[in-house]
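1. I would like to see how this sequence folds:
(2 chains)
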There are 2 protein chains.
Amino acid sequence: MESYMIYMPIVLAVLGLIYMAVKRSWVMKQDAGDGKMKEISDHIYVGALAFLKAEYKLLAFFVIGASIALAGVAAVVESTSYLIIVAFIIGAVFSAVAGNIGMRIATKTNVRTTQAAKTSLPKALNISFGGGTVMGLGVAGLAVLGLTAFFIIFYQLFMGGQWTNTTDMTLVLETLAGFSLGAESIALFARVGGGIYTKAADVGADLVGKVEAGIPEDDPRNPATIADNVGDNVGDVAGMGADLFGSYVATVLAAMVLGNYIIKDMGGAIEDAFGGIGTILLPMAIAGAGIIISIIGTFLVKISSNDAKEAQVQKALNIGNWTSIALVALACFGLVTWMLPETMKMEFFGEGLKEISSMRVFYATLVGLVVGAAISSFTEYYTGLGKKPILNIVQQSSTGAATNIIAGLATGMISTFSSVLLFAAAIWASYAFAGFYGVAMAASAMMATTAMQLAIDAFGPIADNAGGIAEMSEQEPIVRERTDILDSVGNTTAATGKGFAIASAALTALALFAAYVTFTDIDGINIFKAPVLSMLFVGGMVPVVFSALAMSSVGKAAMEMVEEVRRQFREIPGIMEGTGKPEYDKCVDISTKASLKQMLLPGILTIGFPIVIVLIGILIYPENYKLVAEMLGGYMAGVSVSGVLWAIFQNNAGGAWDNAKKSFEAGVEINGVMTFKGSDAHKAAVTGDTVGDPFKDTSGPSMNILIKLTCLIGLVIAPILGNHSEEGLALNNNIEVIKEISVETRGDRTLDETATAKVTTRTTIGDGETIVKEKTFKGNLDEVTKQAEAYAKTQKN
Amino acid sequence: MESYMIYMPIVLAVLGLIYMAVKRSWVMKQDAGDGKMKEISDHIYVGALAFLKAEYKLLAFFVIGASIALAGVAAVVESTSYLIIVAFIIGAVFSAVAGNIGMRIATKTNVRTTQAAKTSLPKALNISFGGGTVMGLGVAGLAVLGLTAFFIIFYQLFMGGQWTNTTDMTLVLETLAGFSLGAESIALFARVGGGIYTKAADVGADLVGKVEAGIPEDDPRNPATIADNVGDNVGDVAGMGADLFGSYVATVLAAMVLGNYIIKDMGGAIEDAFGGIGTILLPMAIAGAGIIISIIGTFLVKISSNDAKEAQVQKALNIGNWTSIALVALACFGLVTWMLPETMKMEFFGEGLKEISSMRVFYATLVGLVVGAAISSFTEYYTGLGKKPILNIVQQSSTGAATNIIAGLATGMISTFSSVLLFAAAIWASYAFAGFYGVAMAASAMMATTAMQLAIDAFGPIADNAGGIAEMSEQEPIVRERTDILDSVGNTTAATGKGFAIASAALTALALFAAYVTFTDIDGINIFKAPVLSMLFVGGMVPVVFSALAMSSVGKAAMEMVEEVRRQFREIPGIMEGTGKPEYDKCVDISTKASLKQMLLPGILTIGFPIVIVLIGILIYPENYKLVAEMLGGYMAGVSVSGVLWAIFQNNAGGAWDNAKKSFEAGVEINGVMTFKGSDAHKAAVTGDTVGDPFKDTSGPSMNILIKLTCLIGLVIAPILGNHSEEGLALNNNIEVIKEISVETRGDRTLDETATAKVTTRTTIGDGETIVKEKTFKGNLDEVTKQAEAYAKTQKN
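-> Numbers count the residues shown, from 1 in each chain, chains lettered A, B, ... in the order given. The predicted structure follows:
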């Protein structure tokens, strides 16, 4: 039965997708409200589709260009299959489809939530969270389906569906990396483009609407208001979905690569009930289990009272979330003990081979689950209403915008402390438990609840939209009050969701980083080599410049929006009186075009830098590709470290400013005086919030993509550097591997148990210097022969 | 004659100090003006001395505590001498004395500059720059004097003034590191404490004075105004002086350590005319030559016309600066060709021994000089009046404080691009030319003009103070106009000076980092080991948290100041009418106490983190000190990369905001309308400037100290990790070094020229695995015997 385990994740993914379809039709069957509401909702729906259409066009060009580049790689590198192009394209398509599903359901759910809120808060939560569930399952289901299907196909094609050796499996996984690269590329467009879109529309709408024309937010007379609402879906739904889709796929892939590496460390083959690939199948199995667990989790999210407040809604979400995390822990325990050999051998750099029990892999997965939970609570502390950091920013607002800004920046900066220590401890602990496989499995376990996380996360913008529709269609205040409760909880889940996303990006990057080293077969990344160190600096700089570009992009795109809104106010007669109809689609169009145009430069930076580094490296060190591989590794590490820091800094500073501003709505006590909206302190807080907007919704979340995409590009380039470095070695050096096997004999009988196998590796490293490495194995003849052969093979590479 | 070269730097340093004394008495002889001016100047002088006194008290405690800690290190580590404590204390004292000289002359020169400005701009420049020159020569002279003197003493004590071997020299240099640590510790107090002081006083004075009471800047009725002027001296004069004093000493020290390493690579001894330590003496010689060259450079700084504008003054400074850089290049050429062996051997990690000609070391020094010059012009571009980035911020001010802030942040962030690429290229190029010795020599060459840089830099705050005194003593407008010209140039030199300081800190840190690896004797720093990687993350986080703490400190200290000024306005009768006398000393006292108190936490963070990492590392890996050393190395790299980024970001963002605000004084065109001070756009720009103040004067410049001190602490801890790791090796492993020397014979005659020496190193690394390294030397019997012996020695370590 166990050999069918390879199909298990597909089955679970399909189950998830079926449940998604059922849930989707349930949501669609709900009442979509009256004429005005429906009209607004349709505007948003059409606007969102317009963005998707424009995005797809640009994507098509990009995918074609990237495919040609990949074909170039495949032509140059013998071991790279042209199939990587197919995987890449399907990865891109799957990610786009997942985003499409999310956008469509979100823009249909919003109005149904508004309608439900007319009568019942529990029902409004049910529907909005239902929409989020559809989104979450779409993303997770497609990710697992695509990845597993391609793995099975390549496994059949390259290895005949049978274990041969780790080199063949490396080929399978290298090709599979194309799927991940495709997914992450779309995430670049969705997350960065979406981030620019949403803030350009938001800032543009506010600047002319609220400030110049003096009309409230979400007022239907504002031509940019539909673009603003579309933006919530583009940025928060599609962007976040593509981000997590990418993380999910990349994490599982990296864990598979490292699983293959374990088999290499164990002599090139293991025997288990899963065709000898248990270590490789495990991460997929956990991902599959996670889908079903997430579905169970979503059942638990419900409230009963129509008078419920934020706390009850939050509690309902928490119960669902915590239950699914606990269930994942159980599933990990079961799957790890079932699928892994009881003890494994893993190579620890500088420490040699170690015996690792399967239980230690389970501990590593627990580390991942703890990180996922802890990072959310850290984020909540630094950005949550009523918490000390927010109260401090509120106080500092009383002396003006400058002190508010300084306090917000300082909050964001200081919030890196606990999160980075957590990451550092997690890396260290999961590595100590089970090497880099442990790190990747920690990430996989954390990502297993992706569907649930996304459901919680997507529910926020849906509720936000629902509130906007209530406002625009002029519903009774109670409707807006109910959607506001959901929206307020949604703000918190948006912040913690960002924490989850950056944690997943960080762990994914580390897992990819480890996979990179194994693909290139370098002896680690030594930053005491100056070229490597200098690339560490360059890598550290890129997230900072990327953030600056993203922030400036928002400003430029917002300015175009301002011009357009001003034009409409000027040229359309009766627009302010509500008799003239604003041209919503023009604003949607501007946001769409501007965001896609403005994301090009950061995109080029992300994709171009690793490629340029490799090209320059190869030019300067044509005979030392391993050094080039180390340089790229240094760059990847620099991007990861700096990117994680800037992501936390920007997300939390932005979140803190946002909630500091929100605090004034209920009133805050400053120096003993209750202070409300409209006060000078509140104005200062609004300034802070405006600075924070691109921080938390554009540049901050973009860091995730930058980090992951950088490491993925590295992984795809790795075989170029890896293969050539072997050639380089063969050219420069003379490696000789000698196996000598001797067995004691007693009379005619050979004493099998006394066999000695000695492997001598003699490497001439020039200048009259040779290094001779000797390794002796003792024991059973068959065993030592096998061990010696496996060892000899590792020496040749 | 050449063997006396060891005394040459001392002679040059003493010459520099003599010239300083001459210049000082010239400045002091100048007219100090009338009663009111003198009174104000005296207040500033007394306030500055009060800060120094309070600082010294705190320092005394710190030095005693650190000395006890160092005694602990000396007790634990056999190879560490107790003399390191003496070196540490004297290093601290020298740095403090240099700061004292600078503060005293600056607070005496200010009033003399005001007086001179009554009649002549050239004379005012002459005097203010003369004060800067005294400061510069004091710092550089004492640095070279102290370092060289201690080197000679330890060289006599440990080696009898004769070359013995590289291990003994390592001991000399490890002890000398105490001097550097002492100097840098003082820099922590001066730079961080000073940075908090100056901005607390500035912000405090402005908040109550300008905003609440509506009196102009530098108004004598404001009790905080003296503290504000003291702050300029404390932060910009003493802080910058201590910073560069520390860089200067650390750079030369690191170059000496790496010079010793070259001797090791060349077989343990070289023969030259400098007692076999030419590579070690060279950096000191360049530093000595730099003092004389700086004096020559200062001669060239003068203007002739009383109607000169900023451009002419800037040109005069530039001529002096560029001439001294060109002369340093010439001096480097001469000294390198004279003092270094024509070809050297250097070990390149992963590439083996390479032959390096002395000319390549010269090229490396050129790299350093280029970096010093280029970084200044980059800084000028991003922060200079009338440049594109500033104009952009000005434009963005028209839509309010939020867009101004975003533009300023984006400018600071994007400015990291060119600077980091420059650093990366410099690291790479200087390493490619001459290994890490090349990197350290690049830094040494750049630092050679320290005296000149400081003269240019210290002249700014002196002119600023002179303007303040002119205002407070109610001089004719022409006086303020003249000092304003000097002040305006001073603002530019302050920004470029900060660029120079961070470049020096970055290169110094790299050099120290390289020295660290040689001290601990590890095989580089491999970030593919998870504990090392996690420390890279932790290191990256520390500068961010440090910056946040420094920024918050300013806020807290400023609030105390605000309370005090309010109290005085309330309680002192007639203060606003000018009949009551403000209690200036109370404000000075508050700034002093607050700054010293607030700097404790960042200070503890800086010093504590490396120590905690080592302790935890030793606890977890008691038998693998090398891994702990790598972890600390990863931490150092993280701090350096992130620190450099945040320094550039904060310095340039702050400088850009400052000049964007200044642009409004002459009027700027926004959307076709000339806009001036007092406009809404100007108010937005003022908000930006207030945010930028702690950025550019507190947290930004503090990064330099954080980076260098972290690497220096690492260097001082290194022997602990280095020695034990050898013990560890001795415990775990079995190293056997076998020398075999054979010579062909023909009949009775041995053919000396055909000798073969073979050195076999057999290391058992456990688990039946041994590494045998063979190295063969062929040629003359004597030579190969020597070579083999030297090689065998290196193998044992």
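2. make it CA atoms for all contacts and neighbour counts henceforth
-> Fine.
3. you'd agree residue A:220 is in a helix?
-> No: the secondary structure assignment for residue A:220 gives coil rather than a helix, going by DSSP: H, G, I helix; E, B strand; the rest coil.
4. distance of it from residue A:92?
-> Here residue A:220 is placed at a distance of 36 Å from residue A:92 (Cα to Cα, to the nearest Å).
5. With residue A:706 instead?
-> Applying Cα to Cα, the value for residue A:706 to residue A:92 is 17 Å.
6. The two - which one has more neighbours?
-> Set side by side, residue A:706 and residue A:92 show more neighbours around residue A:706, with 30 against 26, by other Cα atoms under 10 Å in any protein chain shown.
7. just checking, that one touches residue A:606?
-> Yes: distance between residue A:706 and residue A:606: 6.2 Å, which falls inside the contact criterion (Cα atoms under 8 Å).
8. So residue A:553 is in contact with residue A:195, correct?
-> No: under the criterion of Cα under 8 Å, residue A:553 lies out of contact with residue A:195, with a separation of 9.9 Å.
9. for residue A:80, phi and psi?
-> The main-chain torsion angles of residue A:80 are listed as degrees, to the nearest 10 and equal phi -90, psi 130.
10. sorry, that was for residue A:584
-> phi -60, psi -40.
11. ok, it - contacts?
-> Each residue near residue A:584 by Cα atoms under 8 Å, 6 or more residues apart in numbering or on different chains is listed here: A:43, A:223-227.
12. one more time with 10 Å
-> Residues touching residue A:584, when contacts are defined by Cα atoms under 10 Å, 6 or more residues apart in numbering or on different chains, comprise A:43-44, A:47, A:220-227, A:565, A:568.
13. Kindly report the same for residue A:143.
-> Listed by Cα under 10 Å, 6+ apart, the contact partners of residue A:143 are A:13, A:91, A:94-95, A:98, A:137, A:149, A:179-180, A:183, A:244-250, A:252, A:287-288.
14. Which strand or helix spans it?
-> When elements are assigned from DSSP states H and E, residue A:143 belongs to helix A:121-159.
15. And that helix, how far out from the chain middle?
-> Relative to its chain's centre, helix A:121-159 lies at 15 Å (Cα atoms, centre = their mean, to the nearest Å).
16. Determine the next helix or strand in the C-terminal direction from it.
-> helix A:166-187.
17. the domain parsing of chain A - what is it?
-> Taking automatic domain parsing as the domain assignment, the ranges for chain A are A:2-518, A:734-796.
18. Just name the most buried of those.
-> Of the domains of chain A, the one with the most neighbours on average (mean count of other Cα atoms under 10 Å in any protein chain shown) is domain A:2-518, at a mean of 23.
19. Name the SS class of residue A:580, please.
-> The three-state label given to residue A:580 by three-state DSSP is coil.
20. coming back round to it: in helices, which of the contacts of residue A:143 appear?
-> For the contacts of residue A:143, membership in helices holds for A:13, A:91, A:94-95, A:98, A:137, A:149, A:179-180, A:183, A:244-250, A:252, A:287-288, with DSSP state H as the criterion.
21. how close does the most centrally placed residue in chain A sit to chain B?
-> With distances taken as Cα atoms, centre = their mean, residue A:247 lies nearest the centre of chain A, 3.3 Å away. Plainly put, residue A:247 is 20 Å away from chain B if you go by Cα to the nearest Cα, to the nearest Å.
22. In this structure that residue contacts residue A:704, no?
-> Yes: in this structure, residue A:247 sits in contact with residue A:704. The criterion is Cα atoms under 10 Å, and the distance is 8.8 Å.
23. Quick check: neighbours shared by the two?
-> Contact with both residue A:247 and residue A:704 is made by residues A:187, A:501-506, A:508-509, according to Cα under 10 Å, 6+ apart.
24. residue ranges of the strands in the stretch 551-700 of chain A, please?
-> Ranges of strands within the stretch 551-700 of chain A are A:668-670, A:673-675, based on DSSP state E, counting those that start in this stretch.
25. List the contacts of the residue in the stretch 251-400 of chain A that chain B sits nearest to.
-> In the stretch 251-400 of chain A, the residue found nearest to chain B is residue A:349; the distance is 6.1 Å by Cα to the nearest Cα. Contacts for residue A:349 were tallied using Cα under 10 Å, 6+ apart; they are A:435, A:523-524, B:526, B:528-530.
26. Phi first, then psi, for it.
-> For residue A:349, the backbone dihedrals (degrees, to the nearest 10) come out as phi -50, psi 130.
27. And it, how close does it get to residue B:526?
-> Plainly put, residue A:349 is 9 Å away from residue B:526 if you go by Cα to Cα.
28. what's the answer for residue A:540, then?
-> Shown here: residue A:540 relative to residue B:526, a distance of 17 Å by Cα to Cα.
29. what about the two, which has more around it?
-> Under the criterion of other Cα under 10 Å, the comparison of residue A:540 against residue B:526 puts residue A:540 first, with 30 against 23.
30. a helix runs through that one, doesn't it?
-> Yes: the assignment for residue A:540, made by three-state DSSP, places it in a helix.
31. so what pLDDT did the closest residue to it other than its chain neighbours get?
-> The shortest distance from residue A:540 to any residue that is not its chain neighbour, by Cα to Cα, 6 or more residues apart in numbering or on different chains, is 4.3 Å, and that residue is residue A:638. Note on residue A:638: pLDDT of 96.
32. Touching stretch A:53-70 from outside, list them.
-> Applying Cα under 10 Å, 6+ apart, the set of residues contacting stretch A:53-70 from outside is A:47, A:49-52, A:71-76, A:80-86, A:88-89, A:92-93, A:96, A:178, A:182, A:185-186, A:189-190, A:193-194, A:589, A:592-593, A:595-597, A:716-717.
33. Next: stretch A:666-675.
-> Contact partners of stretch A:666-675, identified using Cα under 10 Å, 6+ apart, comprise A:386, A:391-392, A:394-398, A:660, A:662-665, A:676-677, A:681-682.
34. what about it, how long is it end to end?
-> One end of stretch A:666-675 to the other measures 9 Å (Cα to Cα).
35. For the stretch 101-250 of chain A, list the residues in contact with chain B, please.
-> For the stretch 101-250 of chain A, the contact set with chain B under Cα under 10 Å from any Cα of the partner chain comprises residue A:207.
36. Low-confidence stretches in the stretch 101-250 of chain A?
-> Low-confidence regions of the stretch 101-250 of chain A, defined by pLDDT under 70, are absent; no residue qualifies.
37. hang on, the earlier thing: so which of the contacts of stretch A:666-675 also contact chain B?
-> Checked against chain B using Cα under 10 Å from any Cα, the contacts of stretch A:666-675 yield the following neighbours: residue A:396.
38. Among the contacts of stretch A:666-675, which lie within helices?
-> The helices, defined by DSSP H, take in A:391-392, A:394-397, A:660, A:662-665, A:681-682 from the contacts of stretch A:666-675.
39. In this structure residue A:431 contacts residue A:440, no?
-> Yes: at 9.1 Å, residue A:431 and residue A:440 qualify as touching, with contact defined as Cα under 10 Å.
40. anything in contact with each of those two?
-> In the contact map built from Cα under 10 Å, 6+ apart, the residues linked to both residue A:431 and residue A:440 are residue A:364.
41. circling back: identify the contacts common to residue A:706 and residue A:606.
-> Contact with both residue A:706 and residue A:606 is made by residues A:188, A:542-543, A:546, A:639, according to Cα under 10 Å, 6+ apart.
42. coming back round to it: which members of the shared contacts of residue A:247 and residue A:704 are the farthest-apart pair?
-> For the shared contacts of residue A:247 and residue A:704, the maximum inter-member distance is 16.4 Å, found between A:187 and A:503 (Cα to Cα).
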